[in-house]
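Chemist: Got a predicted structure plus its sequence, pasted below:
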Amino acid sequence: MLQCVHNGQRFRWYTGEKIDPVFWSKSKKSPIKPAYNDDGTLLTFLMNLEAKILNIVRDYKGTNRNLSIDMLKTKFLEESVDNPDKSFLALFNQFINSSEINRTKGTTKNYKNSLFYLKEFQTDKNFDYQFDEINMAFYDQFVDYLITKKKLSNNTVGRIIKVLKTFLNWSIENKYNNNLDYKKFKVAREEIEIIYLTDSELKSLFNLEITDAVLTQVKEEFKLTITKQFLERARDLFCFGCYTGLRFSDISSMDKNNIKEDEIQIRTQKTKDMLSIPLIPQAACILKKYNNSLPVISNQKLNQALKALGKVAKIKQEVAIQRYRGANRLDSKLPKYSLITTHTARRTFITLSLEKGIRPEVVMSITGHKDYRTFKAYIKITDNVKRESLLNAWK
């Protein structure tokens, strides 16, 4: 590791070279013991790096320019293009770039979000990331920072730690790191409420007439600059997801070639699975309306429109939300329309399908789920619905 200190500040640069500690010397004359026999090539390489730093300092002094650690680092990296930066955060960026080839946009966005918090931690705590220092002490300090300083929920912290472990696995596979302490890091995961529409709520939204009055209400209450056509398309896209179970990313990528008579045949973007989904009349009706070519709306704009449509359709049932931040429980109650997102459609399809008596394995074959544990929460919900229906009927 090349370390350069100037006026109390420093930067480190990973050389990409390794040596057994028994051959390393603290001597300023030669950091490598004579017993290490590599024809002097490693020592020459390290001495050249040191000389490069000293030459930059001399050049700055010769021109009477003020030298800062940032300028020194920038100049050094410019002259080291043949030896790319292999420091922790630089490699994290490389990891993200490589993931863009075979990961979804949502996954890559999650990676970038985790890197953001790692950088925030570095700035606030003046932490110098080195692979050898990613241990349980770091884990405890980082998790405490995310919970107490950044006020993140346990599940959000868990997602960040999961991404960190994925990166560290990648660093091991690519031989940038050999520290396995991170294997002990715990990924927090707590059950959260599954937000879905009931059968009557879905019908209310599906049959909602988009009038001038509806458009005016949406514009005034939600401050959205949209048209009736946009609202109608937003409703149809969401309902199509409720009637097929497709993820929004797959709906957005669909074209006429995916429609085969009475079913959809599509390879999912997230899991790359090939799915065949029978078209129920409601879904077929929406496809026919758009001549089998559904409109495209960005995820962010669609989520904004869905909350507005949900309120107009009177989907106002209060939902109890329970989250944990560390050991503290945070309770709140929100109207259901404020919680509707594009993913609510997929959850609605699964839940209503189970409530209508479709076997879990059939639903899983349609949605492409492979992990039965995911379905436990849905089955629990449908059991509660049955219990409430029975009790209400026999009151």
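Modeler: Done, it's in. Residues are numbered from 1 along each chain as shown.
Chemist: Give me the contacts around stretch 373-392.
Modeler: 191, 194, 196, 347, 350-351, 354-355, 360, 363-364, 369 (C-beta atoms under 8 Å, 6 or more residues apart in numbering). For the C-beta atoms, the positions are set from N, CA and C on the backbone; glycine is no exception.
Chemist: One more: stretch 109-119?
Modeler: So stretch 109-119 is in contact with 89, 92-93, 95-96, 99, 103, 129, 146, 150, 159-160, 163-164, 166-167, going by C-beta under 8 Å, 6+ apart.
Chemist: Among the residues you listed, the buried ones, what's the PyMOL command?
Modeler: Only the buried entries of these go into this PyMOL selection, using 16 or more other C-beta atoms under 10 Å:
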select buried, resi 92+95+96+99+103+129+146+159+160+163+164+166+167
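Chemist: now stretch 275-288: mean pLDDT?
Modeler: Stretch 275-288 carries an average pLDDT of 95.
Chemist: Please parse the protein into its domains.
Modeler: 2-78, 88-184, 199-393 (automatic domain parsing).
Chemist: any idea how far Met69 lies from Glu78?
Modeler: Small correction: residue 69 is Ile, not Met. Per C-beta to C-beta, to the nearest Å, Ile69 is found 15 Å from Glu78.
Chemist: quick one, which of those two is more surrounded?
Modeler: Legend: neighbour count by other C-beta atoms under 10 Å for Ile69 and Glu78, higher for Ile69 (15 against 9).
Chemist: For the spatially closest residue to the more buried one that is not a sequence neighbour, what are phi and psi?
Modeler: Nearest residue to Ile69 in three dimensions, chain neighbours excluded: Gln9, at 4.1 Å (C-beta to C-beta, 6 or more residues apart in numbering). Torsion angles at Gln9 (phi, psi; degrees, to the nearest 10) stand at phi -110, psi 160.
Chemist: What of the one 5 residues further on?
Modeler: The main-chain torsion angles of Tyr14 are listed as degrees, to the nearest 10 and equal phi -80, psi 120.
Chemist: That one: neighbour count?
Modeler: Tyr14: 18 neighbours (other C-beta under 10 Å).
Chemist: so it sits right up against Met1, yeah?
Modeler: Yes: contact criterion C-beta atoms under 8 Å: Tyr14 and Met1 qualify, at 6.0 Å.
Chemist: Tell me who's in contact with Glu318.
Modeler: 333-336.
Chemist: who's it bridged to?
Modeler: Beta-bridge partners recorded for Glu318 (DSSP bridges): Pro335.
Chemist: So it versus Tyr176, what's the distance?
Modeler: 50 Å.
Chemist: rewinding a little: would you list the buried entries among the contacts of Glu318?
Modeler: For the contacts of Glu318, buried by 16+ other C-beta under 10 Å: Lys336.
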